[in-house]
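K.L.:
heads up, no residue letters with this:
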């Protein structure tokens, strides 16, 4: 194993070692089970301190490239050289089945009230500012309409995103940010990078159904960890860690989809401890970050990219059509993700990213968010009170029924107490010109569920009110 280390480079030695070992393994020069030089020997061979070697080896173990054997040393993982990126491991046989929920949601009748929609009402959007930004970019940067962009993404937008991460306590430079076509592409790139077919992955139950489908497409085994009002159920997590060795745990930190809850600080700290102890990576889904007025603890801020990779974006607030997401991680990880992206999609939309950067630069997005947060807070409080007045049970609520604190976002996770299968609620809604998805769609393996997801912004519609009343009268 030979590669160059540049002590004069701005890239930390740890990152250079990680990248060098990854390249060596991927080149097929290393076979599974091959022993690496000891930490002492590596440091002596390259005439460097042992500390960056220790950190690099530990990171490579966490990423699954190396196995650590007590008293023996470090070895190439049995599955590392088979393709740690996960490329080529996708199982297409279930693609139609797993995409069914999403296709159904996108193709619903236009006249029906889509009460479980993930979208913000058009009337709440700042279409004027969006139009002005589009015209500005078309006039001042016409090449963005026709040319490829960088796989990393627009440099100006990455700088703006770096500044937006700082108040969350996440310290990242522009080289630690990769722009993606929405958060879904970010998840897909991370799956290709971190996973191979047959790996075990922990996910939250309930959670984001599109994430489940992507994971199944990659041929991995999903293990659900119940989501409580304070975050993942730590007792259940302990039990599953005794039984499984997960490669990754996907966690939605703030304003969780579909429950609207936020991880409590003690749960966040313990989750990171378990990631270190059991050597799994956390992919932190923070796609609803911009709905939060007062920042709470982020796993990436507490960990600073040792065991956490962070995914967020602007699509949930700014525009579902402008697909702008991003991944933030160590510089070495971002370089690898950019290489995968170059192979899978070449680059993102240079034009879309320039439009988003313009909205951030002009302050239009900040002003829009202030209005959106107020509206969403009022809507959540009103939706919670309305549901409870009709006899429904809500999964989480702030004191007094108002949104705020650790409950927020767009969704209320609710149930009719006497109804055990929410497929009955979906059928009731359909008769009234309302569409909702059964709660089973939000569970890893489609298990029966009494809960449904409700978009708080739509609950004042008379059809929603009629549905709440009618569903409450269903017999058990």
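P.N.:
Structure's in. What do you need? Keep in mind it's a predicted model, so treat the numbers as computed, not measured.
K.L.:
any stretches of this protein with poor pLDDT?
P.N.:
Confidence mapping of the chain against pLDDT under 70 gives the ranges 28-29, 79-110, 398-405.
K.L.:
domain map for it?
P.N.:
Following automatic domain parsing, one finds the domains of the chain at 13-76, 96-124+366-472, 127-224+263-363.
K.L.:
okay, how far is it across the longest one, tip to tip?
P.N.:
It refers to domain 127-224+263-363. 15 Å (CA to CA, to the nearest Å).
K.L.:
I figured residue 330 hits residue 177, correct?
P.N.:
No - contact criterion CB atoms under 8 Å: residue 330 and residue 177 do not qualify, at 11.3 Å. For every residue, glycine as well, the C-beta is placed using N, CA and C.
K.L.:
who has more neighbours out of those two?
P.N.:
More neighbours surround residue 177 than the other of residue 330 and residue 177, with 25 against 21 (other CB atoms under 10 Å).
K.L.:
so what's the more buried one up against?
P.N.:
152-153, 158, 161-162, 326-328, 334 (CB atoms under 8 Å, 6 or more residues apart in numbering).
K.L.:
again with residue 320
P.N.:
118-119.
K.L.:
how near is it to residue 122?
P.N.:
To residue 122, residue 320 is 10 Å away according to CB to CB, to the nearest Å.
K.L.:
with residue 388 instead?
P.N.:
For residue 388 relative to residue 122 (CB to CB), the value is 28 Å.
K.L.:
give me the contact list for the helix or strand harbouring residue 414.
P.N.:
Counting by DSSP states H and E, the element that carries residue 414 is strand 411-415. Counting contacts by CB under 8 Å, 6+ apart, the residues outside strand 411-415 that touch it are 206, 257-260, 380, 383-384, 387, 392-396, 422, 439, 450-456, 459.
K.L.:
and for stretch 41-48?
P.N.:
5, 7, 13, 17, 36-37, 49-50, 53.
K.L.:
do stretch 465-476 as well
P.N.:
115, 386-387, 390-392, 416, 418-420, 424-425, 428-429, 432, 434, 459.
K.L.:
please pick the buried ones from those.
P.N.:
Taking 16 or more other CB atoms under 10 Å as the criterion, what is buried in the contacts of stretch 465-476 is 115, 386-387, 390, 392, 416, 419, 424-425, 428-429, 432, 434, 459.
K.L.:
narrow these to those in helices?
P.N.:
Among the buried ones among the contacts of stretch 465-476, DSSP state H puts 386-387, 424-425, 428-429 in helices.
K.L.:
now tabulate these in CSV and tack on distance to residue 310.
P.N.:
Formatted as CSV, those follow (distance: CB to CB, whole Å):
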residue, distance to residue 310
386, 35
387, 33
424, 39
425, 35
428, 39
429, 36
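K.L.:
and the furthest pair within these?
P.N.:
Maximum pairwise distance among those (CB to CB): 20.3 Å, between 386 and 424.
K.L.:
got CSV for the domains of the chain, with distance to residue 243 too?
P.N.:
Shown next, in CSV, are the domains of the chain (distance: least, CB to CB, whole Å):
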stretch, distance to residue 243
domain 13-76, 19
domain 96-124+366-472, 16
domain 127-224+263-363, 8
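K.L.:
just those domains: most buried one?
P.N.:
Counting by mean count of other CB atoms under 10 Å, domain 127-224+263-363 has the highest mean neighbour count of those, with a mean of 20.
K.L.:
now that one, how far from the chain's geometric center?
P.N.:
Relative to the centre of its chain, domain 127-224+263-363 is centred 7 Å away, using CA atoms, centre = their mean, to the nearest Å.
K.L.:
quick one: buried residues of the strand or helix carrying residue 240?
P.N.:
Assigned by DSSP H and E, residue 240 belongs to helix 234-243. Of all the residues in helix 234-243, those buried under the rule 16+ other CB under 10 Å are 234, 237, 240-241.
K.L.:
from those, which single one is nearest residue 169?
P.N.:
Proximity of the buried residues of helix 234-243 to residue 169 was ranked by CB to CB; the top entry is residue 234 with 22.4 Å.
K.L.:
that closest one contacts residue 267, doesn't it?
P.N.:
Yes - the pair residue 234 and residue 267 passes the contact test of CB under 8 Å, sitting 6.4 Å apart.
K.L.:
centre of the chain to the longest strand along the chain, how far?
P.N.:
Determined from DSSP state E, the single longest strand within the chain is strand 221-228. Computed by CA atoms, centre = their mean, the chain-centroid distance of strand 221-228 equals 15 Å.
K.L.:
ok, residues contacting that strand?
P.N.:
Identification of contacts with strand 221-228 by CB under 8 Å, 6+ apart yields 198-207, 212, 215-216, 232-233, 236-237, 240, 244, 246, 249, 256, 259, 261, 443-445.
K.L.:
what segments of the stretch 151-300 of the chain are helices?
P.N.:
With DSSP state H, counting those that start in this stretch as the definition, the stretch 151-300 of the chain shows helices at residue ranges 155-165, 182-194, 209-217, 234-243, 265-278, 299-303.
K.L.:
in CSV, list the ones you listed along with distance to residue 290.
P.N.:
Formatted as CSV, these follow (distance: least, CB to CB, whole Å):
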stretch, distance to residue 290
helix 155-165, 8
helix 182-194, 12
helix 209-217, 19
helix 234-243, 28
helix 265-278, 19
helix 299-303, 16
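K.L.:
to residue 355, which of those lies closest?
P.N.:
helix 155-165 (9.4 Å).
K.L.:
with that, I have no additional questions.
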